[in-house]
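Visitor: just a sequence and a predicted model for now, questions to come.
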Amino acid sequence: MIERTPVLNALTHVILVTGLLLLLFPVWIAFVAATHDMTAVNTAPVELWPGDQFLVNLEQAWAISDMGTKFTNTVIVAVGVVVGKIAVACITAFSLVFFNYRGRMLVFWLVFITLMLPLEVRIVPTYAVAANALSPFQAMLDATGLTALIATLSGVQVNLEWNLLNSYTGLILPLVATATGTFLYRQFFLTIPDELVEAAKMDGAGPIRFLIDVLIPLSRTNIAALATIMFVYAWNQYLWPLLIITDRANYGMVAVELGTLVPDQFTTGGGTPTWHLAMAGTLIVMVPPIVVVVLMQRWFVRGLINTDK
Amino acid sequence: MADISIRNVAKSYGKDSIMQGVNLEIRNREFVVILGPSGCGKSTLLRMIAGLEAITAGEIAIAGQVVNDLEPRQRGCAMVFQNYALYPHMTVAENIGYALKVAGVGRAERRAAVERVAQSVGLNEFLDRRPGQLSGGQRQRVAMARAIIREPRVFLFDEPLSNLDAKLRVQMRHEIRRIHNRIEATSVFVTHDQHEGMTLADRLVVMNKGTIEQVGTPEEIYDHPASVYVGGFIGSPAMNFLPGQVSAARAAVVLGDGQVLDLPRDVATAADGQLVQVGLRPEQLTIVAPGTAELQARVDFVEELGSGRLYHLLVEDLPLTVLSPDKHALRDGDAVGVTVRPDALHLFGAESGRRIDARGARVAAPQVVPA
């Protein structure tokens, strides 16, 4: 819509700028708090301008919460989620769009339903599975009487167990199993003209060849968009790592670790709250997602609006 | 050697039958054009030859080998699509060479082949561009180069010219014919444009509603249309049809308003008493002074074409168009006479729609064409 409406233009800009300020203000406060020492931070009224303790606080926060290890862990998990998610989403959507088989719609709807059941909703059963990833199979064996059969025949009691608690696998897999990426890919694959598929067939390319030579290069922007979303999503995970990681020293993730910096009776024992450290930690943790989004922004937007063709 | 045999081929989607018992023999190195309106099954037939569409019944053989269960890549066909279907992320060179890459041809050999083919269609300066940076005609050339490079036995064209503008279309038409003459492949070309069909084809196949109406050289189909449908479809402006009844006694066909058109005696005898449609081509009629010709008509209106005029006449109240290079000074409503050459008169059964001649309803037999 192209219209000359100076008043409306001004109004929309005012709304935009207001929204931006509302969004940025908390970040500013966090930054300011991270630049003062404990006394200044805990004195009313709230400081609105930076002090000189920024580097000191960053260093202290980093050291206290052993951010080095936590960063490594989180990067491993985030990259694992990104790679796993893209692979799973791409292959699932490929199958759903380009092949015609019995039960295709059933698969599609099963995937669709998981959209309505995010990890937080099914966290208890997911935990049960993570505690023993083979328990569903064990249950099947038990129910069909196979366990008893094998026990009587060979004397071996079948007891399948694969514990995913306190492991990278346990952190990554449940985050990979969501439908968002599959949908993004499906919508993109649906825009691929039939004739392109047929041209590839005439050129002698089989399905895998077509996937690698045509679909994946064409979906680069989608991959970038999905990677960005999933990286930020995985980076910010709190509830799931909190639940399955008891060995915080080795497998702790940054978002959970921030919790240990936030002052409560456990961290300060009722003493003066260390908000300056909590905020410094927050700033450190915020950096990687921001860097990823800024670097990927150009691709990210194109991937979501699907105009690069 | 790649002749194509289509034997009793039918196609249906679920309960909807869209093609019934199609039989067609295409000879090696022949250029066959399948012509028909949209939805007549012509593209489906082409896609069944290519292997992109399953064959419901019957069989298709290429070079003597039944290909019903072969994958497209095993059939030795190359196809040019209407929308070009180029890989948007590959350069022109990569597009052209993709089939060779899939086939495992080495890089150097591939490059040489791409350059040779690109040269032959005038694309060598564009090899490093993406399809998005090319014009419609250039994209079409890439699509053809991509098909040529595989040295196919069978060249399939699915309305390849319909996305081009009129001038380019004629140019590409000539180019396609030249390519066909140069490479030793059998070509099957699908179109709904009768000019493309008439000009390109060694043999023309006219399809309607999933069946073949007539097969023959363009000339045969123009001169001896096998049915009302073919008569009306081929030729521009379209053939005129006037209803009448054959009378052997008068060796003529009597039109609805009592006017009489002479017929050869053997035809009149063979079809005595039959209700017929008389087909008259606008370009084979001549306008003369009223009362001096067999057919009397009135002028409805006249269209100027530059090279001639298109006269829209009324015989009683039935429309009759006459295309003539002569520019008669006629006003709307004037009475005129129209002469009909006996060889320009086509008779079709009123009910069957099939052509009637001395042998009765005639179905065009396969004709010998110089290969």
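Guide: Now that the structure is in, tell me what you want to look at.

Visitor: give the helix, strand or coil label for B:Leu100.
Guide: helix (DSSP: H, G, I helix; E, B strand; the rest coil).

Visitor: ok, and the closest non-adjacent residue to it?
Guide: B:Arg110 (4.8 Å; CB to CB, 6 or more residues apart in numbering or on different chains). Placement of C-beta: from N, CA and C, glycine included.

Visitor: is it true that the one you found touches B:Ala99?
Guide: No: the pair formed by B:Arg110 and B:Ala99 falls short of the contact definition of CB atoms under 8 Å, at 9.7 Å.

Visitor: which ones are touching B:Asn124?
Guide: B:115, B:118 (CB atoms under 8 Å, 6 or more residues apart in numbering or on different chains).

Visitor: beta partners for B:Val215?
Guide: B:Val205 (DSSP bridges).

Visitor: is residue 7 in a helix, a strand, or coil?
Guide: Here I'm looking at chain A. helix.

Visitor: could you do chain B instead?
Guide: B:Arg7 ends up strand, using three-state DSSP.

Visitor: what do you get for the one 3 residues further on?
Guide: Under the three-state scheme (three-state DSSP), the conformation of B:Ala10 reads as strand.

Visitor: now it, nearest residue through space, not along the chain?
Guide: That would be B:Ala57: by CB to CB, 6+ apart, it lies 4.2 Å from B:Ala10.

Visitor: and B:Asp193, how many neighbours?
Guide: If you count neighbours by other CB atoms under 10 Å in any protein chain shown, B:Asp193 ends up with 16.

Visitor: ok, now B:Val170?
Guide: Neighbours of B:Val170 (other CB under 10 Å): 15.

Visitor: check which helix or strand covers it.
Guide: Assigned by DSSP states H and E, B:Val170 belongs to helix B:166-182.

Visitor: hey, C-alpha coordinates of that helix in CSV?
Guide: The C-alpha trace of helix B:166-182 is given here as CSV (Å, rounded to 0.1, in the frame of the first residue of the first chain):
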residue,chain,number,x,y,z
ALA,B,166,4.8,-14.0,-30.4
LYS,B,167,7.9,-13.0,-32.2
LEU,B,168,10.2,-15.1,-30.1
ARG,B,169,7.9,-18.0,-30.4
VAL,B,170,8.3,-18.1,-34.2
GLN,B,171,12.0,-17.8,-33.9
MET,B,172,12.2,-20.7,-31.3
ARG,B,173,9.9,-22.7,-33.5
HIS,B,174,12.4,-22.6,-36.3
GLU,B,175,15.2,-23.4,-33.9
ILE,B,176,13.4,-26.4,-32.6
ARG,B,177,12.9,-27.7,-36.1
ARG,B,178,16.6,-27.1,-36.9
ILE,B,179,17.7,-29.0,-33.8
HIS,B,180,15.4,-31.8,-34.7
ASN,B,181,16.9,-32.1,-38.1
ARG,B,182,20.5,-32.0,-36.7
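
Visitor: next, the buried residues of it.
Guide: B:169, B:172-173, B:175-177, B:179-180 (16 or more other CB atoms under 10 Å in any protein chain shown).

Visitor: helices of the stretch 201-309 of chain A, residue ranges please.
Guide: A:207-210, A:216-218, A:220-235, A:239-244, A:248-251, A:254-261, A:275-305 (DSSP state H, counting those that start in this stretch).

Visitor: residue boundaries of the strands in the stretch 1-150 of chain A?
Guide: For the stretch 1-150 of chain A, no strands turn up when DSSP state E, counting those that start in this stretch is the criterion.

Visitor: so what's residue 139 scoring on pLDDT?
Guide: Since no chain was named, I'll use chain A. Looking at A:Ala139, its pLDDT reads 82.

Visitor: switch to chain B, that's the one I care about
Guide: B:Arg139 is given a pLDDT of 90.

Visitor: neighbours around it, how many?
Guide: 22.

Visitor: what's near enough to touch it?
Guide: B:Arg139 neighbours (CB under 8 Å, 6+ apart): B:84, B:86, B:131.

Visitor: what's the helix or strand for it?
Guide: helix B:136-148.

Visitor: just give me the neighbour total for the spatially closest residue to B:Lys101 that is not a sequence neighbour.
Guide: Excluding the flanking residues, the one nearest B:Lys101 by CB to CB, 6+ apart is B:Arg110, at 6.4 Å. When counting by other CB under 10 Å, one arrives at 21 neighbours for B:Arg110.

Visitor: again, but for the one 5 residues further on
Guide: The local packing count at B:Glu115 equals 16, with neighbours defined by other CB under 10 Å.

Visitor: chain neighbours aside, what residue packs nearest to it?
Guide: B:Asn124 (6.4 Å).

Visitor: who touches B:Val230 in this structure?
Guide: B:206, B:213-214, B:221.

Visitor: same thing but at 6 Å, please
Guide: Contact analysis of B:Val230 by CB atoms under 6 Å, 6 or more residues apart in numbering or on different chains lists B:206, B:213-214.

Visitor: helix or strand for it, which one?
Guide: helix B:228-233.

Visitor: what distance separates that helix from the centre of its chain?
Guide: 12 Å (CA atoms, centre = their mean, to the nearest Å).

Visitor: put the alpha carbons of that helix into PDB.
Guide: This file holds the C-alpha atoms of helix B:228-233, laid out as PDB (Å, rounded to 0.1, in the frame of the first residue of the first chain):
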ATOM      1  CA  VAL B 228     -16.400 -31.900 -37.400                       C
ATOM      2  CA  TYR B 229     -14.100 -31.500 -34.400                       C
ATOM      3  CA  VAL B 230     -10.900 -31.600 -36.500                       C
ATOM      4  CA  GLY B 231     -12.400 -29.400 -39.200                       C
ATOM      5  CA  GLY B 232     -13.300 -26.800 -36.600                       C
ATOM      6  CA  PHE B 233     -10.100 -27.000 -34.700                       C
END
